[in-house]
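Enquirer: For reference, the sequence and a predicted model appear below.
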Amino acid sequence: MKKTFSRIGIAAVLLAAVIVLMNSAFVIKENQYGLIREFGRIERVISEPGLYFKIPFVQEKGTVTKELLLYDIAKSDVITKDKKSMIVDSFVLWRVTDPKVFAQTLNTSSVNAEGRINVAVYNAIKNVISSMTQADIIAARGQELTNLIMANVTSSVSQYGIEITTVEIKLLDLPEDNKDAVFERMISERENIAATYTAEGNSEAQMIRNTTDKEIALLISEAEKNAEILKAEGEAQYMEIMSAAYNDELRADFYSFTRSLDALKNSIAGGDKTIILDKSSPITQIFY
């Protein structure tokens, strides 16, 4: 009988030991933070994975994920600096950086965290969009706009022990009811800009042509003047040479003779012709 009671006692002790061990030992995984609470108060934060122990029935174990989480924010309307409405569709990547603060402020709830993120990101997007005109926003699409939003949102959620690593704009568009009107206005504005550039280009081209024409006219005038000077100088030299060549009477008579022959030749050029000359004509004197 005593042996039976002894075996039952040993079994009860072993069972109690197993229960105590099961309630005291726990494992923290690689992608988790561990939180040990004692009567509701956070007593310890575990950051490294492994096997750990707690006081059974007194302390409670909780976990918070370390993973990067995706939160898809619903589309929202924002107003630009020039009072134009735009639709923004975005998403956020975030993670827990301080599990103790996260537990104290948001009760380790991802839903609560996403609610705070939604407000912070919307306010950041609204602040950035409202400080820019619609044309500036369209020109800044992509990383430039994302950087501006991130600069406005980074510190707004750190008080909750979380971090926003990325804010991406999936869609930044115009409302359907005024999209066509905005596009037409943008096209008109760019056509006006193009017309202005064309007019300025034509004006500059005309100025260049006028300047070039003036320079060409001056060059031609100078060339013609130099040509006339050279021609006059040549004729003067020619007259000097001729004067020297026919300075005596015999040479003068020969010159007169050749000039008369040239004149007669020119008179009968072009076909059969009859010339009637007076006896006193210089040409007639050639034949006497």
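Expert: Looks like it came in fine. Numbering: from 1, shown residues only.
Enquirer: which helix of this protein spans the most residues?
Expert: helix 176-245 (DSSP state H).
Enquirer: Show the average pLDDT along that one.
Expert: For helix 176-245, mean pLDDT rounds to 81.
Enquirer: Show me what that helix packs onto, helices and strands only.
Expert: The helices and strands touching helix 176-245, judged by 3 or more C-beta pairs under 8 Å, 6 or more residues apart in numbering; DSSP states H and E, are helix 249-267. C-beta here means a position set from N, CA and C on the backbone, and glycine is covered the same way.
Enquirer: Centroid-nearest residue for the chain?
Expert: Ala139 (7.1 Å; C-alpha atoms, centre = their mean).
Enquirer: where's it relative to Leu145, distance?
Expert: 9 Å (C-beta to C-beta, to the nearest Å).
Enquirer: which residues of the stretch 1-150 of the chain fall in strands?
Expert: 25-28, 32-38, 41-46, 50-53, 59-65, 69-79, 85-96 (DSSP state E, counting those that start in this stretch).
Enquirer: Could you dump the ones you listed into a markdown table and include mean neighbour count?
Expert: Below are those laid out as a markdown table (neighbours: other C-beta atoms under 10 Å):
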| stretch | mean neighbour count |
| --- | --- |
| strand 25-28 | 14 |
| strand 32-38 | 19 |
| strand 41-46 | 14 |
| strand 50-53 | 12 |
| strand 59-65 | 16 |
| strand 69-79 | 14 |
| strand 85-96 | 18 |
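Enquirer: Would you reformat the ones you listed as CSV and include distance to Lys279 and mean pLDDT?
Expert: Converted to CSV, the strands of the stretch 1-150 of the chain look like this (distance: least, C-beta to C-beta, whole Å; pLDDT from 0 to 100):
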stretch, distance to Lys279, mean pLDDT
strand 25-28, 147, 83
strand 32-38, 142, 89
strand 41-46, 146, 88
strand 50-53, 148, 85
strand 59-65, 139, 87
strand 69-79, 115, 89
strand 85-96, 112, 89
